[in-house]
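Participant: With the sequence up front, the predicted model follows.
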Amino acid sequence: MSKARVIAVEGGNIFEYRTFFKKTGRAKYISHLDLYRTIQRSFQRAKLPVWHTLGYNPHIYLTFSMPISLGYEGVNESFDFRLVTDMEPDEVIRRLNDALPEGIVVTGIAAPAHKPEVIARAEYSLLLSGKGFDGETLLTKWQEFMAQPEIMAEKRSKKGIKTVDLKTMIHGVSAQKEGNALSLGLTLTAGINLNLNPTLVTDTFAAWAGFEADYHSIRRDRILCEDGSEFC
Amino acid sequence: MNLKDKLEPLLLKVQKPARYIGGELHSVVKDPAAVDFRIALCFPDTDEIGMSHLGHKILYDIINADEHCWAERAYAPWIDFEKLMRENDIPLYGLESLSPMAEFDVMGFSLQYELSYTNVLNMIDLAGFDPRREFRGEDAPLIIAGGPCAVNPEPLADFIDLFQIGEGEEMMMEMIELYRAHKKKGYKKADFLREAAQIPGIYVPSLYDVEYKEDGTIASVTPKDGAPEKVVKRIVQDMSSAKYPETFIVPYIETVHDRAVLEVMRGCIRGCRFCQAGFIYRPMRAKDPDVLCRQGKSLCESTGYDEMSLSSLSTSDHPQVEELLDRMIDYTNEQKISLSLPSLRVDNFSESLLENISNIRKSGLTIAPEAGNHRMRDVINKNVDEQEIFDTCRIAFEGGYTSVKLYFMSSLPTETVEDVLDIGRLAQKIVEMYFSLEKRPRKMVNVSISVAVFVPKCFTPFQWVGQDTFEMVEEKQKALVDSIRSRKISVAWHDVHTSVLEGVFARGDRKLGAALYNAWKNGCTFDSWTETFCYDKWVKAIADAGLTMEFYASRTRDLDEILPWDMIDVGVSKEFLKREWEKAQCAETTRNCREQCANCGAAKLMTCKKGAVCFE
């Protein structure tokens, strides 16, 4: 039995897998497009029997469920790829991890269970500070900021810039001070149609409080479906 | 000292932070305590450009192969990050160790184009040292430079301690060995430089006194402390056995040439008279197809690149180009790697070569006739006739292309306005030819012509020629643009200001150091970028140094004038260049090296081949 999703194509079957990976450390500075290229090259180096697209310029089929922004670390990110021969996930993991650059580690491979459309929310952890602000002040300001009935901000989307109420897209918040910095946990609306970046929330907060945010870490911890289960 | 913690909070405030943090696959990290020599290979432009440069990759590979040495990379930070570095007291650092330049023994600059010179000064300053060598202390790293622009080192003589002239593969390691020996016995810069000047190919500007005449031209150049009168360019004797990187650093961000680059040969047999590379890389030395196939495979496998380019000044002139392509295409097709061949010539575009090329991705066709009529092409020794240009375009159109790009130069020596108008006429004839073809795509055609302004360079037959003045260039540009009526033809011009400034520095002398310093002090950096280039600041900088652009750019030199680069010997002799200049003025051509040796003098650089003819 294959551990992949088997897709029948002309001339036989191909095998689709979902890969879960971590992107941490210096790898966080890779943009989505660059990550795409990086993974493609890793497949090439790993000499896996990958399926190529059928166009005039064939390239390795690769699709990301939920692109991750430049500067963000991610601990349970995923992409889908296809092989022309069925392989044991453990072997694919081993070969990919040998080929991947610093900071990107494959943690699991399985047949895709969900479609990317079901993604509804994501959980983030952030650590930020501002010149001239201590941790206590940041925390107090944050609590005041969140206590507002609405938080209006300009949000860029495919259709242009719109003013939206961020509060309707914030589903969970935890905050504490960490030395001179503010440590936040945020659960935000996520997905293909509507997505809120945590830095839009914190940049709006910083502008409101009157400082420029220095980010020490931004991490996406989990990607969730509507029912709260983890995307897999 | 590792700057990582200081860098991180700043990186998210700038464009493309991956430029500044290293960590790429195949970058070399060593233990600083385990090496006794550290060099930063500095490229005075952004990461995307520097990372694409093959010479850098070759030196990185060769130096790091020595267990005693560690070579790292440093690029010019873009203006957004430079500002943050200065505000936060972050000095220029090496991308591998993230440690400041002060911990390095040597900063080595690659000089690829004249308009990157202010970035050299800026990077030395960012490292925390005075760009002027006279004011730099013993604590500063030794500042060295090499690359094609180093064949006229004089405009940078006030800033650089030592230049390597020619190909660095062997010379670099000889210099490093000497440096390490001096370090062991207690390094003193002056002592080291005096001895380094004895290594063939090394030019130490402080060991040469230059005197000027009243008119600003050079009266004499006097070497001292045993420095050689002529510094002879170094070359690699046998390209096939020379070390070539088995892998490249795989960048995270997309670089300009983000692919496996395979150097198939060095030098060129053609001798186009405007082309500095065609003379300073002589003699032509090709690599064996066996070696190339092995190297290409190794590069693709270790990097995962799905694109490979066969690089040289004129790839179709490789003596075994067809065998090479046949074998390479077998591999690249099987691996779904796309192969690109820049720099093909229209006159040896054989049928089988074409067949192979049709297997290769169609990326648009670019042809470089360089000039609009036959006389001008004879003046520059391009040796391509109009029929060959038409034939190439016809084959391309019949093969499904609907657009061709043509590269030209204007303001070439002896050129008149009529000659420039012929550029437009040639484009028009190509459009007409397209519509006369039966087997053409049923689409509109687009012929785009790109016109660069000719810049006379040292070590070419045009090294004595005055460059067209602004007014002349603009008159010619306007005439051409006005003459083009067809909407199927589009024209693009290279900026006149940068071309003139390039002309100033390409044939500049030591006095220009003051102008360069002024310009940098006035805030000039990234002069080759339109968004940062500021011509007015340059005008002021040159005037404040008591100099004029005309003296360097538009002045025609006497054939017996002492030229600023006369202490450098790149192989081709002055007599040969004079002969070529005479012939150019009569629109007489010279045959390529393969057809007939023109006795250029470069053969003397070959020690391992018998006889005076260096080719094959």
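Facilitator: In hand now; what should we look at?
Participant: Tell me which residue of chain B lies closest to chain A.
Facilitator: Residue of chain B nearest chain A, by CB to the nearest CB: B:Gly304 (3.2 Å). The C-beta positions use only the backbone N, C-alpha and C, and glycine is treated the same way.
Participant: Need the pLDDT of that residue.
Facilitator: B:Gly304 is assigned 94 on the pLDDT scale.
Participant: surely it meets A:Ile39?
Facilitator: No. B:Gly304 lies out of contact with A:Ile39 (CB atoms under 8 Å); the separation is 9.7 Å.
Participant: Please list all residues in contact with B:Tyr212.
Facilitator: The neighbours of B:Tyr212, taking CB atoms under 8 Å, 6 or more residues apart in numbering or on different chains as the test, are B:218-219, B:511.
Participant: Just those: which are in helices?
Facilitator: Using DSSP state H, no member of the contacts of B:Tyr212 falls in helices.
Participant: ranking those by neighbours, who comes first?
Facilitator: Neighbour count (other CB atoms under 10 Å in any protein chain shown) singles out B:Lys511 as the most crowded of those, with 21 neighbours.
Participant: Spatially central residue for chain B, please.
Facilitator: B:Gln112 (4.0 Å; CA atoms, centre = their mean).
Participant: On the three-state scheme, that residue is what?
Facilitator: coil (DSSP: H, G, I helix; E, B strand; the rest coil).
Participant: Now it. Nearest residue, chain neighbours left out?
Facilitator: B:Gly147 (5.5 Å; CB to CB, 6 or more residues apart in numbering or on different chains).
Participant: tell me the contacts of B:Gly201?
Facilitator: B:164-166, B:171, B:231-234.
Participant: In the residues you listed, find the pair that's most separated.
Facilitator: Greatest spatial distance in the contacts of B:Gly201: B:Gln164 and B:Val232, 12.1 Å, computed using CB to CB.
Participant: which one of those two has more residues nearby?
Facilitator: Legend: neighbour count by other CB under 10 Å for B:Gln164 and B:Val232, higher for B:Gln164 (26 against 16).
Participant: That one reaches B:Ala145, doesn't it?
Facilitator: Yes. Counting by CB under 8 Å, B:Ala145 is a contact partner of B:Gln164 at 7.4 Å.
Participant: Surely B:Arg196 touches B:Ser206?
Facilitator: Small correction: residue B:196 is Ala, not Arg. No. Under the criterion of CB under 8 Å, B:Ala196 is not in contact with B:Ser206, lying 11.0 Å apart.
Participant: if I look at the residue nearest the centre of chain A, how far off is A:Lys23?
Facilitator: Among the residues of chain A, A:Ile68 comes closest to the average C-alpha position under CA atoms, centre = their mean, at 3.7 Å. Distance, A:Ile68 to A:Lys23, by CB to CB, to the nearest Å: 7 Å.
Participant: shared neighbours of the two, anything?
Facilitator: Residues touching both A:Ile68 and A:Lys23 (CB under 8 Å, 6+ apart) are A:35, A:74, A:77.
Participant: For chain A, what lies in contact range of chain B?
Facilitator: A:25-27, A:29-31, A:33-34, A:37-38, A:40-45, A:47, A:52, A:57-60, A:70-71, A:99, A:101-103, A:214-216 (CB under 8 Å from any CB of the partner chain).
Participant: re earlier: how about the contacts made by the residue nearest to the centre of chain B?
Facilitator: B:Gln112 sits in contact with B:43, B:45, B:53, B:147-149, where contact means CB under 8 Å, 6+ apart.
Participant: number of nearby residues for A:Gly135?
Facilitator: If you count neighbours by other CB under 10 Å, A:Gly135 ends up with 16.
Participant: swap that for A:Gly132, sorry
Facilitator: Using other CB under 10 Å, A:Gly132 has 9 other residues around it.
Participant: for the closest residue to it other than its chain neighbours, what are its contacts?
Facilitator: Distances taken as CB to CB, 6+ apart put A:Phe211 closest to A:Gly132, at 6.6 Å, once the chain neighbours are dropped. A:Phe211 makes contacts with A:130-133, as judged by CB under 8 Å, 6+ apart.
Participant: what bits of chain B have low per-residue confidence?
Facilitator: Along chain B, segments meeting pLDDT under 70 span B:343, B:346-364, B:609-616.
Participant: Show me the domain layout of it.
Facilitator: With domains defined by automatic domain parsing, chain B comprises B:4-232, B:259-362, B:364-511+B:547-576+B:590-616.
Participant: rewinding a little: the residue nearest to the centre of chain A in helix, strand or coil?
Facilitator: Here A:Ile68 is recorded as coil under three-state DSSP.
Participant: care to break chain A down by domain?
Facilitator: According to automatic domain parsing, the ranges for chain A are A:5-113, A:117-225.
Participant: now do the same end-to-end measure for the last one.
Facilitator: Pointing back at domain A:117-225 there. In domain A:117-225, first residue to last residue: 9 Å (CA to CA, to the nearest Å).
Participant: Show the average pLDDT along it.
Facilitator: Across domain A:117-225, pLDDT averages out at 94.
Participant: so after the longest helix seen in chain B, what's the next helix or strand?
Facilitator: Ordering each helix of chain B by length in residues (DSSP H) puts helix B:417-436 first. Sequence order places strand B:446-453 as the next helix or strand after helix B:417-436, per DSSP states H and E.
Participant: That following strand pairs with which strands, parallel or anti?
Facilitator: strand B:403-410 (parallel), strand B:489-493 (parallel) (DSSP bridges).
Participant: Export it to PDB, keeping only CA atoms.
Facilitator: Provided in PDB are the C-alpha atoms of strand B:446-453 (Å, rounded to 0.1, in the frame of the first residue of the first chain):
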ATOM      1  CA  ASN B 446       9.600  43.400 -33.100                       C
ATOM      2  CA  VAL B 447      13.200  44.500 -33.700                       C
ATOM      3  CA  SER B 448      14.700  46.200 -30.700                       C
ATOM      4  CA  ILE B 449      17.900  48.000 -31.000                       C
ATOM      5  CA  SER B 450      20.000  48.800 -28.100                       C
ATOM      6  CA  VAL B 451      22.700  51.400 -28.600                       C
ATOM      7  CA  ALA B 452      25.600  51.700 -26.200                       C
ATOM      8  CA  VAL B 453      28.000  54.700 -26.200                       C
END
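Participant: what's the angle between it and helix B:417-436?
Facilitator: Angle between the axes of strand B:446-453 and helix B:417-436 is 160 degrees (criterion: axes from the mean of the first three to the mean of the last three CA atoms, to 10 degrees).
Participant: outside of strand B:446-453, which residues touch it?
Facilitator: With CB under 8 Å, 6+ apart as the criterion, strand B:446-453 contacts B:402-411, B:423-424, B:427, B:430-431, B:468, B:473, B:477, B:480, B:488-496, B:499-500.
Participant: Please spell out which residues along the lengthiest helix in chain A are buried.
Facilitator: Determined from DSSP H, the single longest helix within chain A is helix A:32-46. By 16 or more other CB atoms under 10 Å in any protein chain shown, the buried positions in helix A:32-46 come out as A:34-46.
Participant: Give me the distance between the residue nearest to A:Gly132 and chain B.
Facilitator: Per CB to the nearest CB, to the nearest Å, A:Phe211 is found 13 Å from chain B.
Participant: mind listing the strands for chain A?
Facilitator: A:5-9, A:12-23, A:62-64, A:73-83, A:104-110, A:119-130, A:152-157, A:160-165, A:170-178, A:181-189, A:213-225 (DSSP state E).
Participant: Please apply the same query to the stretch 301-450 of chain B.
Facilitator: For the stretch 301-450 of chain B, the strands defined by DSSP state E, counting those that start in this stretch cover B:307-311, B:338-340, B:365-370, B:403-410, B:446-453.
Participant: For the ones you listed, give me a markdown table that also has mean neighbour count.
Facilitator: Below are those laid out as a markdown table (neighbours: other CB atoms under 10 Å in any protein chain shown):
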| stretch | mean neighbour count |
| --- | --- |
| strand B:307-311 | 21 |
| strand B:338-340 | 20 |
| strand B:365-370 | 20 |
| strand B:403-410 | 21 |
| strand B:446-453 | 20 |
